[in-house]
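S.K.: Need a 3D model of the following:
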Amino acid sequence: MLCLLLIISMSEGRLLVGAVATRKAKSTLTCASVYGAQEGDNCFTIMQSFNLNPKLFFKINPTIICDNKSLWVNEFVSMDH
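M.R.: Below you'll find the predicted structure:
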């Protein structure tokens, strides 16, 4: 009985690995231009300065965390894609 469970478990694992390997990769965004944050910049001031709506800003900057704190000086922010 144990051998049967091991065989089933191994075959399901192979199916899972095959499904993951054939999954289509997500496209990667590329930036056409970037801005190096200056002292005191935060997400809101950058969005306002470059006329970016929040939806687009976070789409092209998915790793930026805006928590009402200033960004790191020279932290690069994508301006368009």
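S.K.: Let me know the helix or strand that residue 56 is in.
M.R.: Using DSSP states H and E, residue 56 maps to helix 54-60.
S.K.: Buried ones in that helix, by neighbour count?
M.R.: Buried positions in helix 54-60, judged by neighbour count with 16 or more other CB atoms under 10 Å: 57, 60. Bear in mind the C-beta positions are built from the backbone N, C-alpha and C, glycine included.
S.K.: Looking at it now, give me its mean pLDDT.
M.R.: For helix 54-60, mean pLDDT is 91.
S.K.: Toward the C-terminus from that helix, list the very next helix or strand.
M.R.: strand 76-80.
S.K.: Mind giving me the packing neighbours of that following strand?
M.R.: strand 33-36, helix 54-60 (3 or more CB pairs under 8 Å, 6 or more residues apart in numbering; DSSP states H and E).
S.K.: Parallel or antiparallel, which strands does it pair with?
M.R.: Paired neighbours of strand 76-80 in the sheet (DSSP bridges): strand 33-36 (antiparallel).
S.K.: What lies in contact with the partner strand?
M.R.: 46, 50, 73, 74, 75, 76, 77, 78, 79, 80 (CB atoms under 8 Å, 6 or more residues apart in numbering).
S.K.: Likewise for stretch 61-74?
M.R.: 29, 36-44, 46, 58, 75, 77-78.
S.K.: Using PDB, write out every CA atom in it.
M.R.: Taking Å, rounded to 0.1, in the frame of the first residue of the first chain, the C-alpha atoms of stretch 61-74 are listed here in PDB:
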ATOM      1  CA  ASN A  61       6.600  51.000 -10.100                       C
ATOM      2  CA  PRO A  62       5.300  47.800  -8.500                       C
ATOM      3  CA  THR A  63       8.100  47.600  -5.900                       C
ATOM      4  CA  ILE A  64       7.800  51.100  -4.500                       C
ATOM      5  CA  ILE A  65       6.100  51.300  -1.000                       C
ATOM      6  CA  CYS A  66       4.400  54.600  -0.400                       C
ATOM      7  CA  ASP A  67       3.700  54.900   3.300                       C
ATOM      8  CA  ASN A  68       3.800  58.800   3.600                       C
ATOM      9  CA  LYS A  69       7.600  58.600   4.200                       C
ATOM     10  CA  SER A  70      10.200  60.200   1.900                       C
ATOM     11  CA  LEU A  71      11.800  57.900  -0.700                       C
ATOM     12  CA  TRP A  72      15.500  57.200  -0.500                       C
ATOM     13  CA  VAL A  73      17.600  59.900  -2.200                       C
ATOM     14  CA  ASN A  74      18.500  58.700  -5.700                       C
END
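S.K.: Cool, thanks, signing off.
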